[in-house]
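> here are the coordinates; sequence isn't available:
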């Protein structure tokens, strides 16, 4: 019994390490535009984002945790080695993409990890080919498109409404409004992304017999995951901040406000529906939409295409690493 508790404790620590890495890797999603428009210093921006990452649990239900916990692979096949493999795959892919400054999806790295470890353990019959997995797959395509179109429309609307105003006054006004839009985006980020780790820890507790009955996330798991994500955000993945804030297109305060607001709407909608979407995909699409609203050539399409390739490779690469890690983990777990 003591050995089982020790193993489970170690896996929970690994899960929280993934959550920390998620916040670290995805900090750029919340702070890059604030930093690039000089609204806040980098240090103040990460504190601002981390605070709203943490308090997100008070505003949203736990539908995304439910999807991750029992909507991707069959909960009956999950054991310690599967969880270990899934987390290793997701963490490794996050480290690789962070090193190269590529904004990839922690969410889909985790989904890829679950699929890779699950297939390594039980074959393809372990995958739940239902509505939740299909919806998560659609989110890979739809979240950046939704963010791009909404940001494009908002940017055009702002341009039309303030076309007679002095540009300096307009930009200054929207720079201050970023306090609202960035807060909302950080709330959406904390709500959607922290819940993925909640789902992993909760299904681990069920698999080891520490929880019974209906699938429910204990409150200590909720708080632990939000603390880990907020702590990761505090450290900030600065390599990716440069890519998001200045690499894709030049963003002014009006564009930053429109991108963050569009991303917030997408994340709030997805979280309420229990869809694990990528905050990275969403805000990247929104930033592209801001660039396109000026002119197509304002977007650095070469960099954008490399980012898309990273998105395409995320699930299979994380899944492959997870499958290898599963075979390593089953020897020791």
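Perfect, I can see it now. Remember, it's a predicted structure, so these values are computed and weren't measured experimentally.

> For the rest of this, base every contact and every neighbour count on C-alpha atoms.
Fine.

> Any figure for the gap between residue 62 and residue 216?
Plainly put, residue 62 is 9 Å away from residue 216 if you go by Cα to Cα, to the nearest Å.

> Against which helices or strands is the one helix or strand residue 284 maps to packed?
Taking DSSP states H and E as the definition, residue 284 sits inside helix 279-294. For helix 279-294, the contact count by 3 or more Cα pairs under 8 Å, 6 or more residues apart in numbering; DSSP states H and E identifies helix 2-36, helix 131-161, helix 253-272 as packing neighbours.

> Nearest to residue 168 among those helices would be which one?
Taking Cα to Cα as the criterion, residue 168 comes closest to helix 253-272 out of the helices and strands packed on helix 279-294, the separation being 10.3 Å.

> Give the rounded mean pLDDT of the closest one.
Mean pLDDT, helix 253-272: 91.

> For that helix, name the packing helices and strands.
Helix 253-272 sits against helix 63-70, helix 131-161, helix 167-207, helix 279-294, with contacts defined as 3+ Cα pairs under 8 Å, 6+ apart.

> next one: it to chain centre, how far?
14 Å (Cα atoms, centre = their mean, to the nearest Å).

> how about the helices and strands packed on helix 279-294 in CSV, adding mean neighbour count?
Formatted as CSV, these follow (neighbours: other Cα atoms under 10 Å):
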stretch, mean neighbour count
helix 2-36, 23
helix 131-161, 19
helix 253-272, 25
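
> So which of those helices is nearest residue 73?
Nearest to residue 73 among these is helix 131-161 (8.8 Å), distances taken as Cα to Cα.

> Phi, psi for residue 73 please.
Phi and psi for residue 73, reported as degrees, to the nearest 10, are phi -130, psi 160.

> same question, the one 5 residues further on
Main-chain torsions, residue 78, degrees, to the nearest 10: phi -80, psi 130.

> how much space between it and residue 318?
Between residue 78 and residue 318 the distance is 18 Å, computed by Cα to Cα.

> Looking at residue 62 and residue 216, which is more packed in?
The residue with more neighbours, out of residue 62 and residue 216, is residue 62; 22 against 17, by other Cα atoms under 10 Å.

> Poorly predicted segments of the chain, please.
Within the chain, the stretches with pLDDT under 70 are 1, 131, 236-248, 303.

> Please list all residues in contact with residue 143.
266, 277-278, 281-282, 285 (Cα atoms under 8 Å, 6 or more residues apart in numbering).

> for the residues you listed, which one is nearest residue 94?
Checking those against residue 94 by Cα to Cα gives residue 278 as the nearest, at 13.0 Å.

> Confirm for me that the closest one is in contact with residue 138.
No. Using Cα atoms under 8 Å, residue 278 makes no contact with residue 138, being 11.3 Å away.

> follow-up on the earlier one: if we compare the helices and strands packed on helix 279-294, which one ends up closest to residue 68?
Counting by Cα to Cα, residue 68 lies closest to helix 131-161 out of the helices and strands packed on helix 279-294; the figure is 8.8 Å.

> what inclination does the closest one have with respect to helix 279-294?
If you take axes from the mean of the first three to the mean of the last three Cα atoms, to 10 degrees, helix 131-161 sits at 30 degrees to helix 279-294.

> so residue 78 sits right up against residue 207, yeah?
Yes. Using Cα under 8 Å, residue 78 is in contact with residue 207, at 6.5 Å.

> Show me which of these two is the more surrounded one.
In this view residue 78 and residue 207 are compared by other Cα under 10 Å, and residue 78 has more residues nearby, 23 against 18.

> how far away is that one from residue 176?
Distance, residue 78 to residue 176, by Cα to Cα: 47 Å.

> before we move on, the earlier item: of the contacts of residue 143, just say which sits nearest to residue 198.
Using Cα to Cα, the shortest approach to residue 198 within those belongs to residue 277, at 15.1 Å.

> Doesn't the closest one lie inside a helix?
No. The assignment for residue 277 (DSSP: H, G, I helix; E, B strand; the rest coil) gives coil, which keeps it out of a helix.

> Tell me how many other residues surround it.
Around residue 277 there are 30 other residues, counting by other Cα under 10 Å.

> Now for the residue nearest to it when sequence neighbours are not counted: which residues touch it?
Leaving out its chain neighbours, the residue that sits closest to residue 277 by Cα to Cα, 6 or more residues apart in numbering is residue 139, at 5.6 Å. Taking Cα under 8 Å, 6+ apart, we find residue 139 in contact with 275-278.

> Neighbour-wise, which one of these leads?
For the contacts of residue 139, neighbours tallied by other Cα under 10 Å; top is residue 277, 30 neighbours.
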